[in-house]
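S.K.: Below are the sequence and a predicted model for it; my questions follow.
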Amino acid sequence: MKTLRPAIGMIELIFAIMVMGIVLLPVPMLLQQATESGFVAIQQEGINEAASQTNMVLGYHWDENDTDERYIDPILSVIAGDSNLNEFNNTGRRIGTPQESKRSFVRDDSQRFVASVLGSDSNDSDDMDDFIGSWHLWLAENVTNHSDYAERTTINIATTVNYINDTVAGGYQGTDITFSPSWANAGGTTNIKHIQVTLTSTSGTDELNKTIILHAFSSNIGGTMLEERRF
């Protein structure tokens, strides 16, 4: 006596294969989207790093001659700046600066200084232009062997610092002061340093190939200190 047992028919098998094919059809697209999302996340991290780099540079001394922590940063003399911003009649101050102001061309030890040329000074990283250069995002745990965070050329952050023209339109005698900054190097020391941080990301997809530029400015105004009241 033969016993019939239920089995999968050919039609059912074909139907099951078709269903599995339909289910797996979007997988390549999902994998591509996941990869692009990873690149976007890395790019966003790069933008955050570029912004952090900009803020970090702004937090350092304006010039190498301002770095002596024993004294309040002095205003430095420049050679190619607006003459209206120079020291007035050997008073140690600019025109319009109150006599009580600590912002002076004369340091507490009676020394005067001039702004220095751009570039790293003895690799001490204590003023803004010591950070001129380029670097990539490395994996923090493996910096020594240069293991990449995403690939060596995926995220590049380059920092430049230069002196720009500090002359305002119309002088300082009227009620309105107009200043139109130029990115061009002034060709000498002025009273404004321009910090530019350029983020370049490449991932193999056109929509993620970006060049993002952040601009910041810092002025030669010296340092100040809080007023103290003694009891």
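M.R.: Arrived safely. Numbers count the residues shown, from 1 in each chain.
S.K.: G119 contacts D129, doesn't it?
M.R.: Yes - contact criterion CB atoms under 8 Å: G119 and D129 qualify, at 6.1 Å. Yep, even glycine has a C-beta here, placed from its N, CA and C like the rest.
S.K.: between those two, which one's more packed in?
M.R.: D129 (23 against 10; other CB atoms under 10 Å).
S.K.: tell me the SS of the more buried one?
M.R.: helix (DSSP: H, G, I helix; E, B strand; the rest coil).
S.K.: Tell me who's in contact with it.
M.R.: The contact partners of D129, by CB atoms under 8 Å, 6 or more residues apart in numbering, come to D63, L118, G119, S120, V161, K193.
S.K.: Check these against G46 and report the nearest one.
M.R.: Distance to G46, by CB to CB, is smallest for V161 among these, at 20.0 Å.
S.K.: ok, E64 touching S116?
M.R.: Yes - contact status for E64 versus S116: in contact at 4.8 Å, counting by CB under 8 Å.
S.K.: now the strands for this structure?
M.R.: 133-136, 155-163, 192-201, 210-219 (DSSP state E).
S.K.: average pLDDT across the shortest one?
M.R.: When pLDDT is averaged over strand 133-136, the result is 68.
S.K.: same question, stretch 194-210
M.R.: 78.
S.K.: And stretch 107-125, by the same measure?
M.R.: 86.
S.K.: So that it lines up with my notes, have the first residue be 22 from now on.
M.R.: Sure, I'll start numbering at 22, so the last one becomes stretch 128-146.
S.K.: hey, C-alpha coordinates of that stretch in PDB?
M.R.: This file holds the C-alpha atoms of stretch 128-146, laid out as PDB (Å, rounded to 0.1, in the frame of the first residue of the first chain):
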ATOM      1  CA  ARG A 128      54.400  96.300  26.500                       C
ATOM      2  CA  ASP A 129      54.500  96.300  30.300                       C
ATOM      3  CA  ASP A 130      58.200  96.000  30.200                       C
ATOM      4  CA  SER A 131      58.500  99.100  28.000                       C
ATOM      5  CA  GLN A 132      59.300  97.100  24.900                       C
ATOM      6  CA  ARG A 133      57.800  97.700  21.400                       C
ATOM      7  CA  PHE A 134      57.500  95.000  18.700                       C
ATOM      8  CA  VAL A 135      56.700  94.700  15.000                       C
ATOM      9  CA  ALA A 136      54.500  92.000  13.500                       C
ATOM     10  CA  SER A 137      56.500  89.000  12.200                       C
ATOM     11  CA  VAL A 138      56.500  87.200   8.900                       C
ATOM     12  CA  LEU A 139      54.100  84.300   8.500                       C
ATOM     13  CA  GLY A 140      55.100  80.700   9.100                       C
ATOM     14  CA  SER A 141      56.000  78.300  11.800                       C
ATOM     15  CA  ASP A 142      58.500  79.600  14.400                       C
ATOM     16  CA  SER A 143      60.700  76.800  15.700                       C
ATOM     17  CA  ASN A 144      57.700  74.400  15.600                       C
ATOM     18  CA  ASP A 145      56.300  75.800  18.800                       C
ATOM     19  CA  SER A 146      52.700  76.200  17.700                       C
END
